[in-house]
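Quick one: sequence plus predicted model below, questions after.
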Amino acid sequence: MSTIREHSLIVPLLVFGVAAVYFISLSSTVPTFFNVNSDAPLFIIAAKFFRLSHPAPGSPLYNLINMAWLHGLPFFSTDYFSLTVLNALCSSAVAAVLYAMTRNILAPLIWLAAGVVVTQSIILEQYCLTVLFMLVSYWCYRNDKRSWAYALASFGIMVNHLAGFCILAYLANDVYQKNTLKPFLWSFIALPLLAYLPLFNRPPYLLIDNEGLFAYYDYLFGGHRGLIGGLAIIPTDDLVERIWEFSRVLLGGLGTALILIALGIKKIWKDDFVLPLLFILPAFYYFTDLDAMTYTYMTVSIAFGALLACHYEWKFARIACIVGAIVLIGFNIQWFDFGRTLDADQTQATWYETLDKLPEGTVLQIDRGGCCALLWVMLYNMEQDREKIFNIKKYIVDTPPSERDKYIDMVQEAADNGLLYEAVVTDNDTYRVETFKIKADELIRFIQDPYAPRKPIDEKIIISQVH
Amino acid sequence: MSDNLCSIALPTTKSKMAILAKPLILIAVVLWITSAYLVQPLIIGEEVFERWNNETVGVFTFKVLFILVAIGAIGGYFASMFKHNNTLRMAIHLTSMILVMMYIYVTFSIYS
């Protein structure tokens, strides 16, 4: 029996199957605004229309896999659900790999119980595949297959830059251990995949406006430049808030397992600091990042934390963790079930339908519609095969003040012709977004100073609502 | 006592830690579930959504802190290579300090 448990593929496959049922049953079948699902439209655009997606760094491998999946298996009800299922399967594979690496049910249970993992596994996101690459890479490294480890981490970066932490940790360890650094050269093997960017950047240009080299540089590094380490220490407002958020994500994700993780780190630190680093670095990265939405990076720490928890033998604590995780999985089914308890009103789908009712040549402002709504308009235009709706927010923010006059003229003209609209979140709890025909005055003030604090929409500027 | 924590705390006799370990673990499970409940509004995006575009852009960020620490650490490393040459060691420390002050001045100037 123990031999079967240690060597056979039956249990990992079983873990994969159970996890797949768990994640897919909770998944959203239609697009949603919940779970900071803001990148989903970009990934659909990339997979369906062969374009670029989120710059992290362009995710070429992720997009290629999505393309193959979406066009190879066209029997899903929506493109969104198709790619979400792929994400759920990647997350299930992570659970199976965690079991295969530890031969302990505790590791996959921690992964399945963590709320942040569940919310990122049941929408269209890239983190689960990134974690999968990182785990397999670390598995190779642990088994002294260092060239494979560096190469897999390199391909992981082509899904999301978080996989770069693997290379940093391996390199630190190799230098410290005075190992040969030849395997490190395999870190560059996936670089040719970046050719995806110029090949798939074609009209209508969405994220890189032209073929200039600076535009590519700005795409790859511009967006993240102000975010990494950008959390203000003084003034302390955001820092205090981040401490509260970080504590909840960490405690709510790993809980009792943190005791085993701390003891595990203490036990293995002197022999192997790679695993502790892979647990600590992504968490620290999130903690110091300006963008509060990057709590999603904690999925990496949860996976490597699950491995660490299995490094320490303490039967009572392990059983307590297993019981706690099973209870939490039960709660997760109640808390995060799309369509039943989460997003029962399908607010994204309802709002997306209103875009059909907007006239040709609409100028739409989505600042108070949140990041969630912004990129869906991009997908809408791609599906219409024309720029039916001019998404003005997208252009204003990156335009210098001296060049914003043309947008003021555009807004004024649209208002005169009754084509000026704004999408606004009217209920934060349910993410209800509604679209209103508006007057030009306030939007012009916004164009002049797009970084000024935003107030709730003034009813005086509303002409009518789109139903 | 099979529990390793207890054996670390006190290998021969039951310490207070050993007696308290199991109840503490059970309390930790309750805390885990409570934290998981409390983190819900954050991880479904409700909390961060309200703050979108409203993060405070401050001058003294973690990035600034990292760079200051890096300058200090590199300066300290070079200074440690000249332990027996007080003049050179002090010169390196002074250079680090000037670099730190210059960096702070430039950062604050850009911000203001």
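Perfect, I can see it now.

if you average pLDDT over the longest helix belonging to chain B, what comes out?
Longest helix in chain B by number of residues (criterion: DSSP state H): helix B:16-43. Taken as a whole, helix B:16-43 has an average pLDDT of 91.

same deal with stretch A:23-34?
94.

So is that stretch next to chain B?
Yes: residues of stretch A:23-34 contacting chain B under Cβ under 8 Å from any Cβ of the partner chain: A:Phe33, A:Phe34. C-beta coordinates here come from the backbone N, C-alpha and C atoms, glycine included.

Tell me, how many residues neighbour A:Thr102?
17 (other Cβ atoms under 10 Å in any protein chain shown).

Distance check, it against A:Cys140.
Distance, A:Thr102 to A:Cys140, by Cβ to Cβ, to the nearest Å: 16 Å.

now B:Lys63
With Cβ to Cβ as the criterion, B:Lys63 and A:Cys140 are 33 Å apart.

swap in A:Phe33?
To A:Cys140, A:Phe33 is 38 Å away according to Cβ to Cβ.

Quick check on these two: which one has the bigger neighbour count.
Ranked by neighbour count (other Cβ under 10 Å), A:Phe33 and A:Cys140 place A:Phe33 first, with 28 against 19.

my read: the more buried one touches A:Gln348, true?
Yes: if you go by Cβ atoms under 8 Å, A:Phe33 and A:Gln348 touch, sitting 4.9 Å apart.

Give the residues shared as contacts by those two.
A:Cys372, A:Tyr431, A:Val433 (Cβ atoms under 8 Å, 6 or more residues apart in numbering or on different chains).

Skipping its backbone neighbours, what lies nearest the second one in space?
Of all residues not flanking A:Tyr431 in the chain, A:Phe33 sits nearest, at 4.0 Å (Cβ to Cβ, 6 or more residues apart in numbering or on different chains).

ok, the one you found - contacts?
A:Asp343, A:Thr347, A:Gln348, A:Gly370, A:Cys372, A:Ala373, A:Tyr431, A:Val433, B:Gly45.

CA atoms only: put stretch A:49-66 into PDB for me.
The C-alpha coordinates for stretch A:49-66 follow below in PDB (Å, rounded to 0.1, in the frame of the first residue of the first chain):
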ATOM      1  CA  PHE A  49      -7.900  37.400 -32.600                       C
ATOM      2  CA  PHE A  50      -4.100  36.600 -32.400                       C
ATOM      3  CA  ARG A  51      -3.000  39.900 -30.800                       C
ATOM      4  CA  LEU A  52      -1.000  41.000 -27.800                       C
ATOM      5  CA  SER A  53      -2.100  40.700 -24.200                       C
ATOM      6  CA  HIS A  54      -1.100  41.800 -20.800                       C
ATOM      7  CA  PRO A  55       2.500  43.000 -20.500                       C
ATOM      8  CA  ALA A  56       4.000  40.600 -18.000                       C
ATOM      9  CA  PRO A  57       6.100  40.300 -20.200                       C
ATOM     10  CA  GLY A  58       3.600  39.900 -22.900                       C
ATOM     11  CA  SER A  59       2.800  36.300 -21.800                       C
ATOM     12  CA  PRO A  60       3.700  34.800 -25.300                       C
ATOM     13  CA  LEU A  61       3.700  31.200 -24.200                       C
ATOM     14  CA  TYR A  62       0.400  31.600 -22.300                       C
ATOM     15  CA  ASN A  63      -1.200  33.200 -25.300                       C
ATOM     16  CA  LEU A  64       0.000  30.500 -27.700                       C
ATOM     17  CA  ILE A  65      -1.300  27.800 -25.300                       C
ATOM     18  CA  ASN A  66      -4.600  29.600 -25.100                       C
END
